[in-house]
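Novice: need a 3D model of the sequence below.
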Amino acid sequence: MKQPALFKHILIAARLLLVLCLFYRVFGVYSFFQSESKRLAKILAGAIALYGFGDCILTGLVKISDSASFFSPAYFLHAAFSGCSMVAMMFVPLLLAYQAALKQQRATAIFYSICLIGSIIALILFAAYYLPLIGRFLSSTRGFWQRLSLFFLYLPALSIAIRQFASFFKNSSTKSRENS
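Specialist: The predicted structure follows:
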C-alpha cells in the first residue's frame, strides 16, 4: 500500500517529536539510575536514545517501496538502521535483568529475561521471512512477529516509567509529610 507524501512527512515529524520526548526520558532514565551505577545509567540512556534515533528517525527518512528487494540500497539501509536500533534496545532488558539478579530480585530478573528472550525469538521469526525454506510459511504473520518483538522491547521501558512514577510519588509524599 502506497503512502501519500504528506503522510510520510507527518510520520517523520511525529517520529522526531517522539525522539525529542525520548531524549527527555533518556535524561530522566540517566538521572534515575545514576545513583545505582553511572555506567548502567549511561548504557541504558544510550540504548534508548540510539533506538529512538535509528528506528524512529533514520528508518523514516529512508524511503522503500512495497516491492523493494532486500538487496536494494534503500531496503538494506532501512533494515540496517532498524536492526541496529533493536539490538541497542535489547540492552535495556539485558542490563535490567543483570541488575535485578545482582540485587537478588529473582522475579524481576525473570521478567526482564522473558522480555529479552521473547523479543529475540519474535525478531528471529520476523527475520526468518527471508529464509528460502521457512519464509513462505511466515509471510502472512511477518507484521505480527515484528510487533510482538517491539512489545517485548517496550515492556522494560514501561517498567522503568512505572518505577520512576512510584519513586516520584513516594518522594513527594515523604516531602509533604516532612513539611506538615
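
Novice: hey, where'd the helices end up in this structure?
Specialist: For the chain, helices defined by DSSP state H occupy the ranges 5-33, 38-51, 59-61, 73-102, 106-127, 135-138, 142-179.

Novice: list the buried ones in stretch 76-94?
Specialist: Using 16 or more other CB atoms under 10 Å as the burial criterion, the residues of stretch 76-94 that qualify are 77-79, 81-82, 85-86, 88-94. Glycine gets a C-beta too; all of them are placed from N, C-alpha and C.

Novice: dump those into TSV; add distance to residue 145 and pLDDT as well.
Specialist: Formatted as TSV, the buried residues of stretch 76-94 follow (distance: CB to CB, whole Å; pLDDT from 0 to 100):
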residue	distance to residue 145	pLDDT
77	21	82
78	17	80
79	15	80
81	19	84
82	13	84
85	17	88
86	12	89
88	19	90
89	16	90
90	15	93
91	21	93
92	20	92
93	18	95
94	20	95
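
Novice: burial of residue 154, as a residue count?
Specialist: Number of residues near residue 154 (other CB atoms under 10 Å) recorded here: 14.

Novice: which residues sit in contact with it?
Specialist: Neighbouring residues of residue 154 by CB atoms under 8 Å, 6 or more residues apart in numbering: there are none.

Novice: next one: it from residue 161, what distance?
Specialist: The gap separating residue 154 from residue 161 is 10 Å, by CB to CB, to the nearest Å.

Novice: what do you get for residue 52?
Specialist: Residue 52 sits 14 Å away from residue 161, going by CB to CB.

Novice: show me which of these two is the more surrounded one.
Specialist: Legend: neighbour count by other CB under 10 Å for residue 52 and residue 161, higher for residue 52 (23 against 14).

Novice: which among the buried residues of stretch 76-94 gets closest to residue 112?
Specialist: residue 93 (4.4 Å; CB to CB).

Novice: tell me the contacts of that closest one?
Specialist: Neighbouring residues of residue 93 by CB under 8 Å, 6+ apart: 112, 113, 115, 116, 119, 152, 153, 155, 156.

Novice: please apply the same query to residue 43.
Specialist: Here residue 43 is in contact with 91, 95 (criterion: CB under 8 Å, 6+ apart).

Novice: what about residue 45, how many neighbours?
Specialist: By the other CB under 10 Å criterion, the neighbourhood of residue 45 contains 23 residues.
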